[in-house]
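Visitor: when you get a sec, could you give me coordinates for this:
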Amino acid sequence: MTAFISVVQKYERITELTPEIMHELIEKIVIHAPDKSSGHRTQEIEIHYRFNVAVTNAVADSMKYNKKRKAA
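Guide: The predicted structure follows:
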C-alpha cells in the first residue's frame, strides 16, 4: 500500500493525463464486446488500477453519444 500512496502523491495535482501517468496508475483496460440486445449498442469498459486498489466499471451507451445534429 505504501507504493500506491507514493505514486498517488506524486500525481496529486496533475493538469493533464499523459501516457506515462496512465501506465504508472493503470494495470489494464478491458473493453467488452458490444451488446445490442436492448435495441441500441452498449459496451462495458473496466479500468483495473495498479496495486489492486480498485476496479472501475462504466457502460458506454450509443443512444447517449450518437445523437445526430440537425443541419442548419
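
Visitor: tally of neighbours for E12?
Guide: Burial of E12 is recorded as 6 neighbouring residues (other C-beta atoms under 10 Å). To be clear about C-beta, it is placed using only N, CA and C from the backbone, and glycine gets the same treatment.

Visitor: which helix is the longest one in this protein?
Guide: The helix of greatest length in the chain, counted in residues with DSSP state H as the criterion, is given as helix 2-10.

Visitor: which outside residues touch it?
Guide: For helix 2-10, the surrounding residues in contact (C-beta atoms under 8 Å, 6 or more residues apart in numbering) are 24-25, 50-51, 53.

Visitor: ok, now with 7 Å
Guide: The contact list for helix 2-10 (C-beta atoms under 7 Å, 6 or more residues apart in numbering) reads 24-25, 51, 53.

Visitor: show the buried residues in the residues you listed.
Guide: If you count burial by 16 or more other C-beta atoms under 10 Å, the buried members of the contacts of helix 2-10 come out as L25.

Visitor: got the CA positions of the longest helix of the chain in CSV?
Guide: Backbone C-alpha positions of helix 2-10 (Å, rounded to 0.1, in the frame of the first residue of the first chain) are rendered in CSV as follows:
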residue,chain,number,x,y,z
THR,A,2,3.0,2.3,0.6
ALA,A,3,3.9,2.1,-3.1
PHE,A,4,0.4,3.1,-4.1
ILE,A,5,0.4,6.1,-1.8
SER,A,6,3.8,7.3,-3.1
VAL,A,7,2.5,7.2,-6.7
VAL,A,8,-0.8,9.0,-5.9
GLN,A,9,1.1,11.7,-4.0
LYS,A,10,3.4,12.1,-7.0
